[in-house]
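Visitor: Fold the stuff below for me.
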Amino acid sequence: MASGDIYRIFVAYQDSEGGKERYVVEVGREGIETVVLDSITSQYHKKSRFIKAQYYPIQEWWQAGLQKPSYVDIKSSRRYRFEEVVKYGRFIGQLTLRDVQGLAAFIRSYKTRLQQL
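Guide: Have a look, this model is predicted:
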């Protein structure tokens, strides 16, 4: 697993029981055993400006193994044990270098964009 790897994995709801299968992308690590994953969504156009400000548009979604235009929700970060992702997740693809760099810049500029809303 590396930054930019995309998996499909079961994500539990934070405030209630249950969950669902979601596309996620690795955005970082905490030590050797823990990975930080953000959710990927294709739902964008009906969202508020505030929510859209936290969605990075994946520029080369088709090269990443996704089937339609998609976005990384940078406010959906969750921590997973590395071994659980490898065991239970299904590898889909990987963000291109352009998108990894774009996502990093998007995360760095998030607070500035919020102030402009």
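
Visitor: From now on I want contacts and neighbour counts done on CA atoms only, so please keep to that.
Guide: OK.

Visitor: What is the neighbour count of residue 97?
Guide: For residue 97, the neighbour count with other Cα atoms under 10 Å is 11.

Visitor: Now do it against residue 35, distance only.
Guide: Distance, residue 97 to residue 35, by Cα to Cα, to the nearest Å: 19 Å.

Visitor: How about residue 70?
Guide: Relative to residue 35, residue 70 is positioned 21 Å away (Cα to Cα).

Visitor: Quick one: residues contacting residue 8.
Guide: 21, 22, 23, 24, 89, 90, 91, 92 (Cα atoms under 8 Å, 6 or more residues apart in numbering).

Visitor: Only whichever of these are buried, select them in ChimeraX.
Guide: The buried residues among those can be selected in ChimeraX (16 or more other Cα atoms under 10 Å) with this line:
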select :22,23,24,89,91
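
Visitor: As JSON lines, the contacts of residue 8 with pLDDT and distance to residue 54 would be great.
Guide: Listed next are the contacts of residue 8 as JSON lines, based on pLDDT from 0 to 100; distance: Cα to Cα, whole Å:
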{"residue": "21", "pLDDT": "92", "distance to residue 54": "21"}
{"residue": "22", "pLDDT": "92", "distance to residue 54": "17"}
{"residue": "23", "pLDDT": "94", "distance to residue 54": "17"}
{"residue": "24", "pLDDT": "94", "distance to residue 54": "15"}
{"residue": "89", "pLDDT": "93", "distance to residue 54": "24"}
{"residue": "90", "pLDDT": "94", "distance to residue 54": "25"}
{"residue": "91", "pLDDT": "95", "distance to residue 54": "24"}
{"residue": "92", "pLDDT": "96", "distance to residue 54": "23"}
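
Visitor: any weak-confidence spans in the chain?
Guide: 117 (pLDDT under 70).

Visitor: Tell me which stretches of it form strands.
Guide: Secondary structure of the chain (DSSP state E): strands located at 5-12, 19-30, 34-41, 55-57, 71-81, 90-94.
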